[in-house]
Every structure is written in structure tokens, then in C-alpha cells.
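Q: Predicted model, plus sequence, below.
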Number of protein chains: 2
Amino acid sequence: MTGKTRKGTRLALSGSTAFSQLRPETRDALEAMCRAKSYRAGQTVIHAQEHSGFIGCVLSGILRMQKTLADGREHIVGLLVEGDTFGRVFDGAAEFTIEAATDAEFCAFPRTKFEALMTRAPDLERAILLNITNELDRAREWLIILSNQKIAGRISGFLLLLCSRFRDIDHILQPSPEGIEVKIPINRADLAHLLGTRPESISRSLHSLRDQGVIDILEPDRILIRDTKALALAADVDEIEAISTLQDLLKNHRPEH
Amino acid sequence: MTGKTRKGTRLALSGSTAFSQLRPETRDALEAMCRAKSYRAGQTVIHAQEHSGFIGCVLSGILRMQKTLADGREHIVGLLVEGDTFGRVFDGAAEFTIEAATDAEFCAFPRTKFEALMTRAPDLERAILLNITNELDRAREWLIILSNQKIAGRISGFLLLLCSRFRDIDHILQPSPEGIEVKIPINRADLAHLLGTRPESISRSLHSLRDQGVIDILEPDRILIRDTKALALAADVDEIEAISTLQDLLKNHRPEH
DNA sequence: GGTCGGCATTGATAGGTATCAATGACCTTC
DNA sequence: GAAGGTCATTGATACCTATCAATGCCGACC
């Protein structure tokens, strides 16, 4: 069991965008202090306003970062997938609750030890800095997507974001001759919370996009993107960069590794 | 002129949340490398997709961070006020354009020198890390505000955010016996871009809030918050934390220093 | 096999917002 | 003082979405 944990962790740390550039010594130190954890869908990993005792790095599954509003509704501010890190370093309590959207595993680094290592290993501190910088850009891209008045536009933006962000995760994205197949990793209610709307509207907009021939709905959570250009147009986003991402995906059309 | 620049910079660096905790040597090094710049309203400071040559720290005025969409519309992802920093360190090109929303001054640190100092001075690197962590939280708070379906709710959230974030900047916030007076630092069009809507809707929602007695519109850009509780309710936000911020403001009701 | 519960979908309706168009207030400029 | 421009506001209308309600689908569980 320990062996299994170690192996999974090593894979995760080298695969993670945050930790891929670390010096071997630093990575060894990280592996030595980490402990694998697994949660079932719906469980809470970190409560908002609580000083979490660890920094986490997702190994598998999806975590959602969210805030519960005064009226009980929840809004999701981000999803965490394999390779993503979470938890605050050198700073106060978490602002958002983190819950498992699906069954999920992650490795946890004790906060105190992690911070001590950061102070000792400049490459780790630099890696964290770069990681947060990217997170910030992603959060701001979300702002753009959420600012789209029409729900179909937000969904399009979401699908495009999945394509650009999860392009190497083949259980989410799967290029095919007919287009790009996207596995939506969360249910309609979560998707609605993420896009600032309601499940009914998600459903209607998705089917509207299908009727226009932009996408196909293979299953409720499996979408086939047919017309990349129309999708980018609906998303009202920088067309050129979105399409180039999608074209890349279609070209790299690897059968399987 | 040099003297004036130095003085302004020193004030800014100690007042800035990002740099307030630095060691004196580090701050001196920063001051030595910085150069004051000023822009007029509407001018572009950094173009999106460009490697900016400097890191900036706002001294006065308002900068807006934005992205131009395919159809020519612009969406604002954040505002920068005095003490805020901008520009990317150790990473690629900027994702967003930065423009002066009002006449503005900031001090610029040459990127290469700044990065060299960061590598040399761990306290600076740590300060930047904490700064970006806070930026990230703020961006995610924006996500919550933008997820509000009703425009009046978004405006309420925006006003509350101004109160919590700019509580020490007295040319923006001014507590009074009747409530809190807020100076909105941007015009209706920018506010609409920020909140993902249109100027007409901003106007209507603002006047609707006035008719309900929640706020007063002293001038188009001067809002008096009368009923803090109703505002928090409209914003659909964590009532307790929002109200406590506002109560604090009303208590500290300093006449002027 | 049958029942229950979660989830996606569909329908009907009321309410809110985008959009187009026009007006008015204020400031700058000549 | 007149003219032009920017900006906030107001009005009318079509469109879109939230909401409530109901149906159908599917897997879990007994």
C-alpha cells in the first residue's frame, strides 16, 4: 500500500504542471512528506474560513472550489483536476470550500513542513509562484466567460476552456474524425453553479447548440464538438486563439499511446 | 523632479499592501531601480500578448485590466488602484491589456532587474507570492459577484467590494452619519463592462435601488449607501461578513486626519 | 422484478435584460 | 453665447432566462 502510494505520487508530481520543473532533491523531499488521501463524491475536503493543515495536489477525480451564499445556493469558482494544487501557503484561512465533485484522490503535504521546504528550496517557491500566476489568469478567463450574457455563449466558452486546459487528459478529451469528444466531468447542477445559471437553462442551451449543428450530445455528459468555428463564435471569444487550440487537437489525433 | 519622484515612490512602497513588509534593504533596492510614469485616461499601459518590460505599482488613479473580444466589445477583469501591482514575473506575456481608466501615475520596475532582485531577496519573492494569492482570491470573489443573475445584485456586490477593499482610501470611501459615501471611480460604460452588462441596465438598477431606499445617488458617480443590510441582501452574499465590514466603516467614522 | 431516488429533460409563464432610439445634462471649445 | 461632444438617463419592445411543475430515464437497492 505504501508502495502504491509512493508510485502514484511520483507520477503525479512529475505530471503536475506545478511541480514538473523541480530539482530532484526538492521533489524527493516533497514525496517524503506527502500522504495520499481519497474522498468520495460529495465529501468536503477543506471548509471555507478554516486553516487547512495541508497543501494538496490532485491525483485523480475532480474537486470543486465553491462558496455557499447567504440563501443557501452554492457557486463554484473553479474545478481542480489531476495535477492541480490547492491550499494556501503562508497566508490566512481558505476563502472557499473544497469538495469532491467525483470520487477523488490527492496527495497532501503537511502545511508546516511544506512551508519550511519552500523557505529552504527556492525552486519550490518559484514553482508555486508561477503556479498561482497561472491560476490567476485562469480565474480571469472565467470572468470573461461568465460575462457572456447568453447561456449558450457561456457553455461554449466552458467547452473551449476544457479543450485548451485539459488537452492532455485523455479521459476528458478525445479527438475523433468527426470532431472533439468532451467528457463533462460534473453534473448539470454543478455546471449551472459554475456558469451562474440553472440546470434547466443548461439543458436548453445545450440542445439549442445541438439543433444548430454545432455539437452533438452523445450522452448527457459526453459532448461532441462538430463545428469549432461556430462554437468559438458563440463563445464570443478571441476566435483565432480558440480555433488554433482546437485545430491543434484535431491534428494531434493520436489513436492512443 | 527626481526628489518628487523618490518621495512619491517611498510613500507608495510603504503604503502598498504588496511591499509593506519588506526589509529596508530590499525596499531601498526597489526604490533605486524604479522610475515614475504617468498616463492620461484612455492610454494603454501594457498590450495583451506583449512581454511588458516592467512590473508596476500604482501611485494614483485607476488602471483597468481588460480583454477585447472578437466582436470588439471589451470586458474588464479587474481594476487597479494605488498600492496595487501589475505585470508578470518569470512568466510569459501578459494575458490582458492594461489601460488607464483615469489619469494615473505608477512606478515601474524594470522587469529584468526586478526578477534579479527577487531571486536575491527572498522577502521580495515571498511578498509577491502573498500578493498574487490575494489577487487570486479577489478574482474569485468577482466570480461570485458576476454569477448573480440580477444586475442589481451585481451592483450591490460591487459596492460592497469597494467598501471592503478600498476602506482606507478616503477619496473613494467616506463614512458619514447618513451612511457610507462611495465614489465610483469609473464611468457607466466601464462599470457595465466590469459587471457583464450594459450601461442602460446599470442606470436602471441603480435607480431601482434608490427607489427602494437602499442607496442615494448624490451624483452619477457618488453613491450614498443608506441601508447596508438591504444591500448585502440584494448582493446575495455572505451577509454577516459584509455587514461587519460596513459596521466597522461606520464606527471608524473619522472626521478627517 | 419492483420500487425508490437522483438526474436530465421538457413545458408554460412571469419577470428581467439587451437592444435600439431619443432626450437631457454638463463640459469643452470656438 | 453657440456648437459640438461625452455621458447618464429614460422609453418601448423583443428576446432570453428563472421559476415552478411534470415527465421520463436509469441505476441502486430490497
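A: Cool, the structure landed.

Q: just the strands in the stretch 101-250 of chain A please.
A: For the stretch 101-250 of chain A, the strands defined by DSSP state E, counting those that start in this stretch cover A:104-110, A:173-176, A:179-183, A:215-219, A:222-225.

Q: and these, which is most packed in?
A: Most buried of those, by mean neighbour count (mean count of other CB atoms under 10 Å in any protein chain shown): strand A:104-110, with a mean of 22. Heads up, the C-betas are built off the backbone N, CA and C, glycines and all.

Q: Quickly list what A:F54 is bridged to.
A: A:P110 (DSSP bridges).

Q: mean pLDDT for the strands of the stretch 101-250 of chain A: which is lowest?
A: With a mean of 86, strand A:173-176 has the lowest mean pLDDT of the strands of the stretch 101-250 of chain A.

Q: Okay, A:T102 and A:L80: tell me how far apart.
A: Separation of A:T102 from A:L80 (CB to CB, to the nearest Å): 11 Å.

Q: next one: A:P122
A: 26 Å.

Q: Show me which of the two is the more surrounded one.
A: Neighbours per residue (other CB atoms under 10 Å in any protein chain shown) separate A:P122 from A:L80, with A:L80 holding more: 22 against 15.

Q: Number of residues surrounding A:S205?
A: 20.

Q: Overlap in contacts, A:T102 and A:L80.
A: A:I62 (CB atoms under 8 Å, 6 or more residues apart in numbering or on different chains).

Q: contacting residues for the residue lying closest to A:A29 once chain neighbours are set aside?
A: Among residues not flanking A:A29 along the chain, A:L117 sits closest, at 5.5 Å (CB to CB, 6 or more residues apart in numbering or on different chains). By CB under 8 Å, 6+ apart, the contact list for A:L117 reads A:26, A:29-30, A:33, A:124.

Q: Quick one: the helices in the stretch 1-150 of chain A, in order.
A: Under the criterion DSSP state H, counting those that start in this stretch, helices of the stretch 1-150 of chain A are mapped to A:2-15, A:24-33, A:111-120, A:122-146.

Q: low-scoring stretches of the stretch 1-150 of chain A, by residue?
A: Within the stretch 1-150 of chain A, the segments meeting pLDDT under 70 span A:1-15.

Q: where does it come near DNA strand C, residue by residue?
A: A:Q149 (CB under 7 Å from any atom of the strand).

Q: Tell me the residue of the stretch 1-150 of chain A that sits nearest DNA strand C?
A: A:Q149 (4.4 Å; CB to the nearest atom of the strand).

Q: circling back to that earlier point, closest one to B:L59 among the strands of the stretch 101-250 of chain A?
A: strand A:104-110 (38.7 Å; CB to CB).

Q: got the angle for that closest one vs helix A:24-33?
A: Per axes from the mean of the first three to the mean of the last three CA atoms, to 10 degrees, the angle that strand A:104-110 makes with helix A:24-33 is 110 degrees.

Q: For A:E178, what are phi and psi?
A: With angles defined as degrees, to the nearest 10, A:E178 sits at phi -90, psi -10.

Q: That one contacts A:T228, correct?
A: No: taking contacts as CB atoms under 8 Å, A:E178 lies outside contact range of A:T228: 11.7 Å.

Q: These two: which has the busier surroundings?
A: A:T228 (22 against 10).

Q: re the thing from before, what about the residue of the stretch 1-150 of chain A closest to DNA strand C, how many neighbours?
A: Look at A:Q149: counted by other CB under 10 Å, it has 11 neighbours.

Q: B:S201 is in contact with that one, correct?
A: No: contact between A:Q149 and B:S201 fails when scored by CB under 8 Å: they sit 10.0 Å apart.

Q: can you tell me if stretch A:149-167 touches DNA strand D.
A: Yes: for stretch A:149-167, a contact with DNA strand D is found by CB under 7 Å from any atom of the strand, at A:149-152.

Q: Name the nearest of those relative to A:L191.
A: Looking across the residues of stretch A:149-167 next to DNA strand D and measuring by CB to CB, the closest to A:L191 is A:I151, at 10.6 Å.

Q: dump the residue contacts of that closest one.
A: A:I151 sits next to A:195, A:197, A:201-202, A:204-205 when contact means CB under 8 Å, 6+ apart.

Q: redo that, cut-off 10 Å
A: Residues in contact with A:I151 (CB atoms under 10 Å, 6 or more residues apart in numbering or on different chains) are A:192, A:195-198, A:201-202, A:204-206, A:208.

Q: how near is the residue nearest to it when sequence neighbours are not counted to B:L69?
A: Excluding the flanking residues, the one nearest A:I151 by CB to CB, 6+ apart is A:S205, at 4.4 Å. A:S205 sits 19 Å away from B:L69 when distances are taken as CB to CB.

Q: cool, and A:E125?
A: 36 Å.

Q: Give me the more crowded residue out of those two.
A: Between A:E125 and B:L69, counted using other CB under 10 Å, the more crowded position is A:E125 (22 against 17).

Q: separation between that one and A:A41?
A: For A:E125, the distance to A:A41 - CB to CB - is 34 Å.

Q: same check, this time on A:D84
A: Counting by CB to CB, the separation of A:D84 from A:A41 is 17 Å.

Q: more crowded one of the two?
A: Between A:D84 and A:A41, counted using other CB under 10 Å, A:D84 has the larger neighbour count: 22 against 13.

Q: So what sits opposite the nearest residue to that one once chain neighbours are set aside in the bridge?
A: In space, and not counting its chain neighbours, A:D84 is closest to A:V58: 5.0 Å by CB to CB, 6+ apart. Assessed by DSSP bridges, A:V58 has beta-bridge partners A:F106.

Q: Does A:V58 touch A:E82 like I think?
A: Yes: at 5.2 Å, A:V58 and A:E82 qualify as touching, with contact defined as CB atoms under 10 Å.

Q: which neighbours do these two share?
A: Common neighbours of A:V58 and A:E82 (CB under 10 Å, 6+ apart) are A:12, A:16, A:104-106.

Q: Next up, the contacts around A:G56.
A: Contacts of A:G56 by CB under 10 Å, 6+ apart are A:34, A:37, A:45-46, A:63, A:80, A:84-87, A:98, A:104, A:106-109.

Q: let's see 7 Å
A: For A:G56, the contact set (CB atoms under 7 Å, 6 or more residues apart in numbering or on different chains) comprises A:85-87, A:106-108.
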